[in-house]
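In: Need coordinates for the below:
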Amino acid sequence: MTVIVTPAKADESALATVDDASITAQVKVALQSHRSTSSVNTKIGTADGVVTVNGIAKNLAEKTLVTKLATDITGVKSVVNNMSVAPTASEIGIAPARS
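Out: Below you'll find the predicted structure:
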């Protein structure tokens, strides 16, 4: 006699949580390891393989790079990048320093 036991729903969501936690950790490592995003101040969360990123990017290129790096992680289904782009000095009315 063979008995096949399927996991309960609680077990399945526990596995999904572990996977999401692993994805979040991998995204954080990827951002910290890349020279252009190592100093980015971000908050990262993952739910069902969807990575959500919040924080402030220095410019649009940095924001785009964060999305690319997160998308490249195995298990990521999509990335929601809610990062705002920090205003430049000229945008906030600060004149450049003169030498």
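
In: can you give me the strands for the protein?
Out: With DSSP state E as the criterion, the chain has strands at 41-47, 50-57, 78-81, 84-85.

In: can you list those strands in JSON lines and add mean pLDDT and mean neighbour count?
Out: Placement of C-beta: from N, CA and C, glycine included. Putting the strands of the chain into JSON lines (pLDDT from 0 to 100; neighbours: other Cβ atoms under 10 Å) gives the following:
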{"stretch": "strand 41-47", "mean pLDDT": "93", "mean neighbour count": "16"}
{"stretch": "strand 50-57", "mean pLDDT": "95", "mean neighbour count": "18"}
{"stretch": "strand 78-81", "mean pLDDT": "96", "mean neighbour count": "16"}
{"stretch": "strand 84-85", "mean pLDDT": "94", "mean neighbour count": "12"}
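
In: Now distance to Leu69 too, for the ones you listed, in TSV please.
Out: Putting those into TSV (distance: least, Cβ to Cβ, whole Å) gives the following:
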stretch	distance to Leu69
strand 41-47	11
strand 50-57	10
strand 78-81	9
strand 84-85	17
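
In: Could you pull up the residues touching Ala21?
Out: The contact partners of Ala21, by Cβ atoms under 8 Å, 6 or more residues apart in numbering, come to Thr46.

In: any idea how far it lies from Gly49?
Out: Note on Ala21: its distance to Gly49, by Cβ to Cβ, to the nearest Å, is 12 Å.

In: Check Val85 too.
Out: Separation of Val85 from Gly49 (Cβ to Cβ): 26 Å.

In: so where is the chain shaky, pLDDT-wise?
Out: Counting by pLDDT under 70, the chain has low-confidence residues at 1-18, 89-99.

In: returning to what we had before: quick one: closest of the strands of the chain to Asp72.
Out: strand 78-81 (9.9 Å; Cβ to Cβ).

In: and that closest one, what other elements does it pack with?
Out: Judged by 3 or more Cβ pairs under 8 Å, 6 or more residues apart in numbering; DSSP states H and E, strand 78-81 is in contact with strand 50-57, helix 60-71.

In: ok, the closest residue to Ile23 other than its chain neighbours - contacts?
Out: Once flanking residues are discounted, Ile23 sits nearest to Thr46: 4.6 Å by Cβ to Cβ, 6 or more residues apart in numbering. Contacts for Thr46 (Cβ under 8 Å, 6+ apart) come out as 20-21, 23-24, 27, 52, 76.

In: Kind regards, and thank you for your time.
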